[in-house]
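Chemist: structure of the sequence below:
(one chain, ligands or ions: 1)
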Amino acid sequence: MLLIFTIWYKIKIRKRGDIVLTIKVGKKKLKIFNLIILVLGLIIFLYFICNLVFMLPIFKTSYKYKTNTDNYETETFVTFKNKWFNCYVTESINVKSDYKLVYEYYVKDLLNDGYKNTKKDTYNRTIKVNGFCKQAKENYKNIHDSKYAEFMLNGNDNETIEYGNNYIDPYVIGKVNNKPVKEIDMFSNYNSNKVGSYVTSYSLSVNKYYTKRLYRTINVVDTIKPKINLSGDNTMTLNYDQEYNEPGFTAIDNYDGDITSLVKVSNKVNKNKPGTYKITYSVSDSSNNKTRITREVIVKEKDKVVNKVEPIIEKKDGITYVNGILVVNKNYSLPKDYNPKVNKEAYEALKKMQSDAKVLGLDLSLISGYRSYTKQEKLFNEYVKKDGVKKANTYSAKPGQSEHQTGLAFDIGSVDSSFENTSEAKWIQQNAHLYGFIVRYPKDKTDVTGYIYEPWHVRYLGVDIATKVKESGLALEEYLGIN
Ligand SMILES: [Zn+2]
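Modeler: Numbering: from 1, shown residues only. Sure thing, here's the model as predicted:
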């Protein structure tokens, strides 16, 4: 350039032949005009050199820098190509003219509407490049600083806090050219007392062109289920036909407080249908945490109908008849002189039963039938000698208290406790009533009859009454309503 300038100068001066002032420098004469032109040329030359020095890297570099967020005068959140965070923008810098950046971004009004409003928009940013050394240098520094600004969140960008727990903001790390920045603007609408999503923003101003901004979402949540407390028992038992009365309940939630009124109760108890029912109590709090508990209600079977009609107890010649049925037990004795021998009708029924059983291969041999008062007296005394009065009384009868004295009772099969498990005993249990007999001292009725289970001892009542007694599942005393 200096060369072009000098040639141009020489041609121009020589042609015009201008005569200008001359000064003496040493022995040589130098024209003043020539000197001025030379100095001017030198300044212009230096100006270009200066520009070149500072602008060279700008020419060559296409800057890439990470843009998480940016701030353009309004409280908006900016992202590129619909990607939040970690988006890249390429800026090509051209010193010859102003350059323009066009950002396509989505504006989400985080702070006021919480992500609800999304708007696509463009933003233009113009960077003036005027060619002066100072400006170019400043531009370069700004871009350079932006590139080396470090700004990152401590902790996560999305924090979830259980309602009622303390939250301490972990803040951010901000550095420009490796030097920590102390003043970072922070703004938050966080409210620990209310379930919701909140945003905290942190902004770091790098220079007049560039502000870096970070956001953290803090979600205050309630995941704790409400508690339902039942008044009364968890398992309730009702009699048949008894009305179920709800004993009450309360529901308390850690966030909503008393929500008893929201509890839904499902009750399908049918007081006339025996069974086990489950009443369910369910409730949801405002964060949709559900609790469901149950109460068990048992509706009992209808009580077996006991003969509630007062029994008619008659005594004829010292013999007791209850509702016309001859009864002998530890409370009702027979006179010493009652001596009816074996009952013919009962004996015929026994023979029929024995022969039917025999067809099935069952041996219902008669062990003991009619016994007189005197015979019973001898027998009982023998048992007393052997086992003592108390024990003898559980398996044998005192004279006058034995059913064998009526001529209506028989011991069949085997008089032994092992008889219980034989096919014979089972058959008797199931079929004796068909022949007019009952097993007089049933299992589990010792407290009623006063006798141990005697599967071999049958008492004749006639088919009709024997069937009724059998179907009632009761001992004869219970059936008749006596002791
Ligand atoms: Zn007997």
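Chemist: quick one, what contacts the residue of the stretch 101-250 of the chain found nearest the ion?
Modeler: Of all residues in the stretch 101-250 of the chain, the one sitting closest to the ion is Tyr240 (37.7 Å; Cβ to the ion). Just so you know, the C-beta spots here come from the backbone N, C-alpha and C atoms, and that holds for glycine as well. The neighbours of Tyr240, taking Cβ atoms under 8 Å, 6 or more residues apart in numbering as the test, are Lys271, Asn272, Pro274, Val299, Lys300, Glu301, Lys302, Asp303.
Chemist: let's see that with 10 Å instead.
Modeler: Lys271, Asn272, Lys273, Pro274, Val299, Lys300, Glu301, Lys302, Asp303 (Cβ atoms under 10 Å, 6 or more residues apart in numbering).
Chemist: most neighbours, which of the residues you listed?
Modeler: Neighbour counts for the contacts of Tyr240 (other Cβ atoms under 10 Å) peak at Val299, which has 22 neighbours.
Chemist: so it sits right up against Tyr244, yeah?
Modeler: Yes: checked against Cβ atoms under 10 Å, the pair Val299 and Tyr244 is within contact range at 8.4 Å.
Chemist: anything in contact with each of the two?
Modeler: Residues within reach of Val299 and of Tyr244 at once, by Cβ under 10 Å, 6+ apart, are Met236, Leu238, Val269, Asn270, Lys271, Tyr277.
Chemist: flag every buried residue along the helix or strand Ile218 falls within.
Modeler: Following DSSP states H and E, one finds Ile218 within strand 211-221. For strand 211-221, the neighbour count (16 or more other Cβ atoms under 10 Å) marks Thr211, Lys212, Arg213, Leu214, Tyr215, Arg216, Thr217, Ile218, Val220 as buried.
Chemist: turn those into a markdown table, including pLDDT and distance to the ion.
Modeler: Formatted as a markdown table, the buried residues of strand 211-221 follow (pLDDT from 0 to 100; distance: Cβ to the ion, whole Å):
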| residue | pLDDT | distance to the ion |
| --- | --- | --- |
| Thr211 | 72 | 110 |
| Lys212 | 78 | 107 |
| Arg213 | 82 | 104 |
| Leu214 | 87 | 100 |
| Tyr215 | 90 | 97 |
| Arg216 | 92 | 93 |
| Thr217 | 91 | 90 |
| Ile218 | 93 | 89 |
| Val220 | 95 | 83 |
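Chemist: which single one of those is nearest to Asp444?
Modeler: In terms of Cβ to Cβ, no member of the buried residues of strand 211-221 lies closer to Asp444 than Val220, at 64.6 Å.
Chemist: quick one: contacts for the closest one?
Modeler: 159-165, 167, 190-198, 255.
Chemist: among those, name the buried ones.
Modeler: Looks like the contacts of Val220 have Glu159, Tyr163, Tyr190, Ser197, Tyr198, Tyr255 buried, using 16+ other Cβ under 10 Å.
Chemist: for the last one, give me its contacts.
Modeler: Listed by Cβ under 10 Å, 6+ apart, the contact set of Tyr255 reads 163-164, 193-195, 220-224, 226, 285-287, 289.
Chemist: with the third one instead?
Modeler: Applying Cβ under 10 Å, 6+ apart, one finds that Tyr190 lies in contact with Glu159, Ile161, Tyr167, Asp169, Gly196, Ser197, Tyr198, Val199, Thr200, Arg216, Ile218, Val220.
Chemist: what about 7 Å?
Modeler: For Tyr190, the contacting residues are Tyr198, Thr200, Ile218, by Cβ atoms under 7 Å, 6 or more residues apart in numbering.
Chemist: can you check the first one too?
Modeler: For Glu159, the residues meeting the contact criterion (Cβ under 7 Å, 6+ apart) are Arg216, Ile218, Asn219.
Chemist: please enumerate the helices of the chain.
Modeler: 2-16, 32-60, 110-113, 133-147, 344-359, 373-387, 389-395, 423-431, 446-449, 463-472, 476-480 (DSSP state H).
Chemist: could you chop the protein up by domain?
Modeler: Split into domains by automatic domain parsing, the chain comes to 2-60, 62-221, 227-299, 313-480.
Chemist: wait, does the last one contact the ion?
Modeler: Yes: Domain 313-480 is in contact with the ion by Cβ under 5 Å from the ion, via Asp411, His457.
Chemist: what ranges of the stretch 101-250 of the chain fall below the confidence cut-off?
Modeler: Within the stretch 101-250 of the chain, the stretches with pLDDT under 70 are 101-148, 206-210.
Chemist: can you pull out the strands in it?
Modeler: All strands of the stretch 101-250 of the chain, identified by DSSP state E, counting those that start in this stretch, fall at 118-127, 149-153, 158-162, 172-176, 179-180, 185-188, 196-205, 211-221, 227-230, 235-238, 249-253.
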